[in-house]
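Engineer: Got a predicted structure here, sequence first:
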Amino acid sequence: MNILRAGQGHLPEQASFDVVVLGAGGAGMATALCLAQAGQQVLLLESTACVGGTTALSAGTAWIPLSTHGAQVNPADTREAVDTYLDAAVGDAAPRAMRQAFLDAGAAAVDFYERESELRFRPYPRHPDYLSELPGSTLCGRAIEPLPFDGRLLGEDFDLVRPPIPEFTVLGGMMVDRTDINHLLGKGRSLASARHAARILARHARDRLGYPRGTRLVMGNALVARLLCSLKTRPNVTLALGCELQTLARGQGSEHELVVRRGHTVSRVTARKALVLASGGFNRHPALRQALLPGVSPDWCPGAPGHAGMAQSQAREALGAAWGRQDGQAPTTHAFWAPVSLRRRADGSQAVFPHFVMDRAKPGMITVDQRGERFLNESTSYHRFALAMQAHGEAAVPAFLVADAAALARYGMGMVRPGGKGLAPFLADGYLVRGQSLADLARQLDMNAEALSATVARFNAMAARGVDEDFQRGTTAYQHNIGDATLGLPNPNLGPLTQAPFYALRLYPGDIGACSGLVTDGDGRVQGPDGQPLPGLYALGNDAQSIMGDRYTAPGITIGPALVFAYRAARAIHAPAP
């Protein structure tokens, strides 16, 4: 692969490729890989100085049912069960034909990546579908994750992989996944955990002698690094970083003409066979964000900086691409969501921490609004959690995650690590608020003390019985999975708040990706207003309308479809139907 780093090298003033892919996130890199394997000459354009996009910041999970990996942990899963689940969970929020295209090619796509590239996956032993109360759902087998990767194999290109969110690392840049966290927390109780912890800590110590961060990559970083490692062996791919798309225009047949600026150089690029949009969605496009996500600050978005929506808007305006639902029905939301907490870093940048699974659903924690009252099921999926915040109105933005001292020490809270130590900086800058009593905490939060005390008292009584009569917290397999069964409580998601001092931090609804995008068919071809494919134009990942509509059905429902439709789109481009 020919790599043009940001600020280095140049594209010719006139250039021509078989296919141009806009965006070097997970979807774009996977598409370039599939096209390169088929012998196409590919130009991969990225607006930032790093590859990976939001995929690099994510857990890297891919929801792809019925793979060979899934069969290892759930051999009884069937296509009929998957269809039943998706029909119940998604219904008419998205075309069923798109789900069928995804499922038709899913297992073959996984086999292709493992056969033709460095991508390697594994199933997680227990990773339930998020709506596990619905028929057809499973507790495991549909979500797969990338194996850890040795970043040293990338050589001098290791620095091209977008680093993870710093607050998701430990000890100055050591990445850890769920398996690592469990071993680190259990190293004093288990010999196996002690050995695992010793291995990764020793590796990180060696890494810091020669690298600015750990080179043992996991989760989304592992997925992106594996894609980059695979692309590096493909001489028919050019990766150009630091590119600004200025205009798009249709040429003859399937051709497209692009004007691209890199630094002070402007290039006119021809995509002879196809143009693929995989630039990450609209979330940082100022006008589209204001129109589609009103009242939601971009400062609450934990995604990568590159998804500015320029490719989407130009495809709509210059190429006539259809966007969003075409059935006249308004979606519940145009984005996928998670509750986030905010903190200013020492360098002045803002940390945006998504609260996925580590704290809010655990015993000894509740979430209250500004009146001191619970208003949602804290153990629901992060998407539904943040939607509930918005539906509750201004009183829940921000909302407050509240914990007692025992829960804080056991699980941590957001950017605060488990153990209950090192709290001073978080307390000093106001990220974490501490009260010696519930009344003291309420006073500092400008909240009605009697309301907060009454809320906690009622919750504690329900926790003792193991039944949340108000919001049904801890009633599904998914919710139990993110609770804590090791405490032996009647309900793994319900535990009382009794041990002073008490702590709170502020939660905001953060958009983690777009679910509304360009309308495509089962091969990723962008449709026009008449429902017919626009010749040579494709959209993938968050640039495309989600096949789940506005429903967040399972872990990895953005990355999984991105990988599968990259595979399908590349096949359609290489061998178009007559």
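Structural biologist: Right, received. Where do you want to start? Residues are numbered from 1 along each chain as shown.
Engineer: Return the distance of Gly364 relative to Phe385.
Structural biologist: Using Cβ to Cβ, to the nearest Å, one gets 18 Å for the distance from Gly364 to Phe385. C-betas here are computed from N, CA, C, even on glycine.
Engineer: I meant Ser379, not that one.
Structural biologist: Distance from Ser379 to Phe385, counting by Cβ to Cβ: 9 Å.
Engineer: what touches both of the two?
Structural biologist: Common neighbours of Ser379 and Phe385, using Cβ atoms under 8 Å, 6 or more residues apart in numbering, are Arg360.
Engineer: Which one's more surrounded, these two?
Structural biologist: Ranked by neighbour count (other Cβ atoms under 10 Å), Ser379 and Phe385 place Ser379 first, with 28 against 24.
Engineer: Model confidence score at that one, please.
Structural biologist: At Ser379, the model reports a pLDDT of 98.
Engineer: same thing with Leu191?
Structural biologist: pLDDT recorded at Leu191 is 87.
Engineer: State the number of residues packed around Gly483.
Structural biologist: Using other Cβ under 10 Å, Gly483 has 22 neighbouring residues.
Engineer: residues in contact with it?
Structural biologist: Contacts of Gly483 by Cβ under 8 Å, 6+ apart are 361-363, 379, 474, 491-494.
Engineer: where's it relative to Thr476, distance?
Structural biologist: For Gly483, the distance to Thr476 (Cβ to Cβ) stands at 11 Å.
Engineer: Let's see if you can find the most crowded of the contacts of Gly483.
Structural biologist: That'd be Ala361 among these, by other Cβ under 10 Å, with 30 neighbours.
Engineer: nearest residue to that one other than its sequence neighbours?
Structural biologist: Take Ala361 and drop its neighbours on the chain: the residue closest to it by Cβ to Cβ, 6 or more residues apart in numbering is Ser379, 3.9 Å away.
Engineer: Assess the claim that Ala439 and Ala451 are in contact.
Structural biologist: No. The criterion here is Cβ atoms under 8 Å, and Ala439 misses it with Ala451 at 10.8 Å.
Engineer: Now Gly541. Nearest residue, chain neighbours left out?
Structural biologist: With Cβ to Cβ, 6+ apart as the criterion, Gly541 has its nearest non-adjacent residue at 3.0 Å, and that residue is Ala27.
Engineer: Check the gap between that neighbour and Leu494 for me.
Structural biologist: According to Cβ to Cβ, Ala27 and Leu494 sit 39 Å apart.
Engineer: Could you tell me whether Pro339 really is in a strand?
Structural biologist: Yes. Using DSSP: H, G, I helix; E, B strand; the rest coil, the assignment for Pro339 is a strand.
Engineer: List the residues that contact it.
Structural biologist: Pro339 sits next to 354-355, 360, 382, 385-386, 389, 399, 401, 507-510 when contact means Cβ under 8 Å, 6+ apart.
Engineer: On the three-state scheme, Val82 is what?
Structural biologist: Val82 is classified as helix under three-state DSSP.
Engineer: Now do the same for it: its pLDDT.
Structural biologist: For Val82, the pLDDT comes out at 98.
Engineer: Farthest from the middle of this protein: give me that residue.
Structural biologist: Most distant from the centre of the chain: Glu450, at 38.6 Å, with distances by Cα atoms, centre = their mean.
Engineer: Next, find the distance separating that one from Ala457.
Structural biologist: Glu450 is 10 Å from Ala457, by Cβ to Cβ.
Engineer: got it, and Gly303?
Structural biologist: According to Cβ to Cβ, Gly303 stands 39 Å off from Ala457.
Engineer: what ranges do the helices span in the stretch 51-200 of the chain?
Structural biologist: With DSSP state H, counting those that start in this stretch, the ranges of helices along the stretch 51-200 of the chain come out as 68-73, 79-89, 96-116, 178-185, 191-207.
Engineer: Just give me how far the first one sits from the chain centre.
Structural biologist: In terms of Cα atoms, centre = their mean, to the nearest Å, the gap separating the centre of helix 68-73 from the centre of its chain is 23 Å.
Engineer: And the third one, by the same measure?
Structural biologist: Relative to the chain's own centre, helix 96-116 is displaced by 20 Å; criterion: Cα atoms, centre = their mean.
Engineer: about what we covered before: which of Gly303 and Ala457 has more residues huddled nearby?
Structural biologist: Just comparing Gly303 and Ala457: by other Cβ under 10 Å the higher neighbour count belongs to Gly303, 25 against 13.
Engineer: what residues are up against the more buried one?
Structural biologist: Contacts here follow Cβ under 8 Å, 6+ apart; on that basis Gly303 touches 53-54, 57, 280, 283-284, 511-513.
Engineer: What angle do helix 191-207 and the lowest-mean-pLDDT helix or strand in the chain make with each other?
Structural biologist: Across the helices and strands of the chain, mean pLDDT, DSSP states H and E gives its lowest value to helix 178-185, namely a mean of 83. Here the directions of helix 178-185 and helix 191-207 differ by 100 degrees (axes from the mean of the first three to the mean of the last three Cα atoms, to 10 degrees).
Engineer: Now tabulate the contacts of Gly483 in CSV and tack on distance to Thr84.
Structural biologist: Formatted as CSV, the contacts of Gly483 follow (distance: Cβ to Cβ, whole Å):
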residue, distance to Thr84
Ala361, 26
Lys362, 31
Pro363, 33
Ser379, 24
Gly474, 25
Asn491, 28
Pro492, 27
Asn493, 26
Leu494, 30
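Engineer: which among those gets closest to Leu563?
Structural biologist: The nearest member of these to Leu563, counting by Cβ to Cβ, is Ala361 at 28.2 Å.
Engineer: Are we agreed that that closest one is in a strand?
Structural biologist: No. The assignment for Ala361 is coil, going by three-state DSSP, so no strand is present there.
Engineer: tell me how far the ends of stretch 34-52 are from each other?
Structural biologist: Stretch 34-52 has an end-to-end distance of 16 Å (Cα to Cα, to the nearest Å).
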